[in-house]
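Colleague: only geometry, no sequence info:
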């Protein structure tokens, strides 16, 4: 079995345990930092980090459309999605207060600061 399939199946097997414990992984900025910090060295962490970030981006885009809001307060250009994990790690280290924030709030802050709309990067 390939590594991705193994990780996926393991994650599915752990869901009932997480629900029973009342905790969810990645609920703080610190958990996301740990996951994305090792993404360049460990394939499993890379998959987890990118999947988490892609889910956040998709949910943010959907919420903006559904609510009729102006959408996210950040804009991604060509190649930016691939840079997010590295940018996240550097931003979190520069903003240690985000480590204790809920993951969604920390990610939104990082994306707004690092990928603002209408500004050259």
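Modeller: Great, that's in hand. Every value quoted in this text rests on a predicted model; they were computed, and no experiment measured them.

Colleague: what kind of secondary structure is the residue nearest to residue 113 when sequence neighbours are not counted in?
Modeller: Ranked by C-beta to C-beta, 6 or more residues apart in numbering and with sequence neighbours excluded, the top spatial neighbour of residue 113 is residue 91, at 6.6 Å. All C-beta atoms are positioned from the backbone trio N, CA, C, and that covers glycine. On the three-state scheme (DSSP: H, G, I helix; E, B strand; the rest coil), residue 91 is labelled helix.

Colleague: these two touch, right, residue 91 and residue 111?
Modeller: No: the criterion here is C-beta atoms under 8 Å, and residue 91 misses it with residue 111 at 9.1 Å.

Colleague: who's more crowded, those two?
Modeller: With other C-beta atoms under 10 Å as the criterion, residue 91 and residue 111 differ in neighbour count, and residue 111 comes out ahead with 24 against 20.

Colleague: Quick check: the more buried one vs residue 81, distance?
Modeller: According to C-beta to C-beta, to the nearest Å, residue 111 stands 11 Å off from residue 81.

Colleague: returning to what we had before: who touches the residue nearest to residue 113 in this structure?
Modeller: 98, 110, 113, 114 (C-beta atoms under 8 Å, 6 or more residues apart in numbering).
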